[in-house]
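Asker: okay, here's the prediction I keep looking at, along with the sequence it came from:
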Amino acid sequence: MKSILPLVLVVLINIVPSPLHAQQDIFIKDYLERLENSKKYLILIAETMPEEKYGYKASKESLSFAENLMHIGFAMDWHSQSLLGGRESRDWNTDTVFKTTNKSKKEMIEIIHKTFDETIKLLQSFDPVKLDDRLDYFGLDRTKRQIFLLLSDHITHHRGQMLVYMRLNGLIPPRYVLFQ
């Protein structure tokens, strides 16, 4: 009887979910809802901007509307597939997927749609226990949870630039969708 008690305790500890694990699961669930909304809003912005304005830049040093859009895709791919998923990083200098050259508005929107879908799929199966894993992020020590948040900030940053470009071209951007 005495030898069975430790075994029962081990089984019970492994069966009952820990509060920390549950919180991490909720973090990913909430994040995915936000990312889905961000996808819808970014695609709506991309669809609203006329194709002939995709090359517009606010200044000669800045990215064009199209370059901002593709940069969001490249960074989303890198943050999710490489930093969180472990896939080898794409090389910006040789990669052609996220370059704007010879791509139509429709093709760019399809790439963004696909990249969001791939990111969402990866994050749906992301092991919440790995949220506390640490990695090097441009010389800074960051958790994978922080990478999730950095990705959201990055999307918002470049999407904001795209909204300004629309205003500078006399367009009214789509109404902001809450819970981005």
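Answerer: Thanks, I have the structure now.
Asker: quick check: the nearest residue to Gly73 once chain neighbours are set aside vs Glu52, distance?
Answerer: Residue nearest to Gly73 in three dimensions, not counting chain neighbours: Thr115, with 4.5 Å by C-beta to C-beta, 6 or more residues apart in numbering. Every residue, glycine included, has its C-beta placed from N, CA and C. Noted for Thr115: a distance of 24 Å to Glu52, by C-beta to C-beta, to the nearest Å.
Asker: give me the more crowded residue out of these two.
Answerer: Comparing Thr115 with Glu52 by neighbour count (other C-beta atoms under 10 Å), the higher total belongs to Thr115, at 22 against 9.
Asker: where along this structure do the helices fall?
Answerer: Along the chain, counting by DSSP state H, helices occupy 4-15, 19-48, 65-77, 105-124, 144-168.
Asker: deepest of the ones you listed, which one?
Answerer: By mean neighbour count, with neighbours taken as mean count of other C-beta atoms under 10 Å, helix 65-77 ranks first of the helices of the chain at a mean of 22.
Asker: pull the CA atoms of it into CSV?
Answerer: What follows is helix 65-77 as a C-alpha-only set of coordinates in CSV (Å, rounded to 0.1, in the frame of the first residue of the first chain):
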residue,chain,number,x,y,z
PHE,A,65,2.9,50.8,-49.5
ALA,A,66,3.7,47.5,-51.2
GLU,A,67,7.0,47.1,-49.5
ASN,A,68,5.4,47.7,-46.1
LEU,A,69,2.9,45.0,-46.9
MET,A,70,5.5,42.4,-48.0
HIS,A,71,7.8,43.4,-45.2
ILE,A,72,5.0,42.5,-42.8
GLY,A,73,4.8,39.1,-44.5
PHE,A,74,8.6,38.5,-44.4
ALA,A,75,8.8,39.5,-40.7
MET,A,76,5.7,37.4,-39.8
ASP,A,77,7.3,34.4,-41.6
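Asker: what angle do it and helix 144-168 make?
Answerer: Helix 65-77 runs at 170 degrees relative to helix 144-168, counting by axes from the mean of the first three to the mean of the last three C-alpha atoms, to 10 degrees.
Asker: just put the helices of the chain in JSON lines and tack on mean pLDDT and distance to Gly85.
Answerer: Formatted as JSON lines, those follow (pLDDT from 0 to 100; distance: least, C-beta to C-beta, whole Å):
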{"stretch": "helix 4-15", "mean pLDDT": "59", "distance to Gly85": "27"}
{"stretch": "helix 19-48", "mean pLDDT": "86", "distance to Gly85": "14"}
{"stretch": "helix 65-77", "mean pLDDT": "98", "distance to Gly85": "10"}
{"stretch": "helix 105-124", "mean pLDDT": "97", "distance to Gly85": "5"}
{"stretch": "helix 144-168", "mean pLDDT": "97", "distance to Gly85": "10"}
